[in-house]
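# fold the following for me, if possible:
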Amino acid sequence: MDAEYWNQKYAVDELIYTDEVNRFVKALSEPLIAAAKKPGKMIDLAGGEGRNSVWFAQQGWQAENIDFSKVALSKALKLAEERKVADLYFAHVADATGFESVLTPVDIGVIGYLQIEQPGLNEAIDCLVDNIKRGGHLIGVWHARENLDGGFGGPQNPAVLPTASEMREFLSELPLEIEILENREGQVKTKDGLKPSTTLVLLAKKL
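Numbering: from 1, shown residues only. Prediction:
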């Protein structure tokens, strides 16, 4: 699935996902935001329509949404304008596996639901970590491979669904201290109500 696929997917009036910050991103970020002496800078990698990065901007942070879909980023910019945080918001068309941030180095890097095969995901995480300052944090959220066994939603290809053990093995090669790396129970909104899902979450500090 390339940028054109996602441009076509996002080319509808409504938001494909939601304008609400992901609950796992929010839960992992709020203590970091509260502990910061002043608003910082963040990157939302593969941030799509901007629900997470716009939320950071609403907290007073400079936020950069990096995504290869220009259509998604135009919707993110519109959302930032509606929330009156456009002056803190940056939209950057680039591939997640290789980019140059306009805000680097940042305090927090978020990578949410970038469901690609492990070599590419590793490249994206490596690039994101390079743009986080020492003492900053990496936050990750993915549909877990375990979601295939009784979970709902998300990709059905196990190759794009990471596991905690695979993630831990790769992260051990990076200058990171893992604080949280575990599966958590999630929920997916459907027309028939909330359905259970299994979500892999990550919080790591850059050394």
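# in the helix or strand where Ala72 lies, what's buried?
Taking DSSP states H and E as the criterion, Ala72 maps to helix 70-82. The neighbour-count check on helix 70-82 (16 or more other C-beta atoms under 10 Å) flags 71-77, 79-80 as buried. (Each C-beta comes from the backbone N, C-alpha and C, glycine too.)
# and what of stretch 103-110?
Applying 16+ other C-beta under 10 Å to stretch 103-110 flags 103, 106-110 as buried.
# and if you look at stretch 123-143?
Buried, per 16+ other C-beta under 10 Å, within stretch 123-143: 124-125, 127-129, 131-132, 136-143.
# who does the one helix or strand in the chain whose mean pLDDT sits lowest touch, helix- and strand-wise?
Taking mean pLDDT, DSSP states H and E as the measure, the chain has helix 3-10 as its least confident helix or strand, at a mean of 78. Helices and strands touching helix 3-10, by 3 or more C-beta pairs under 8 Å, 6 or more residues apart in numbering; DSSP states H and E, are helix 70-82.
# between the buried residues of stretch 123-143, which sits nearest Pro31?
Pro31 lies nearest to His137 out of the buried residues of stretch 123-143, by C-beta to C-beta, at 9.8 Å.
# pLDDT score assigned to that closest one?
pLDDT for His137: 98.
# wait, it touches Gly109, no?
Yes: taking contacts as C-beta atoms under 8 Å, His137 lies within contact range of Gly109: 7.4 Å.
# and Leu203, what does it touch?
Applying C-beta atoms under 8 Å, 6 or more residues apart in numbering to Leu203 gives the contacts 28, 137-139, 178-181.
# rerun at 10 Å
24, 27-29, 31-32, 137-140, 177-182 (C-beta atoms under 10 Å, 6 or more residues apart in numbering).
# just the buried subset of these, please.
24, 28-29, 32, 137-140, 178, 181.
# now, which of those sits nearest Ser53?
Closest approach between the buried ones among the contacts of Leu203 and Ser53, by C-beta to C-beta: Ser29, at 11.1 Å.
# and that closest one, how far from Trp6?
Between Ser29 and Trp6 the computed distance is 25 Å (C-beta to C-beta, to the nearest Å).
# with Leu121 instead?
Plainly put, Leu121 is 16 Å away from Trp6 if you go by C-beta to C-beta.
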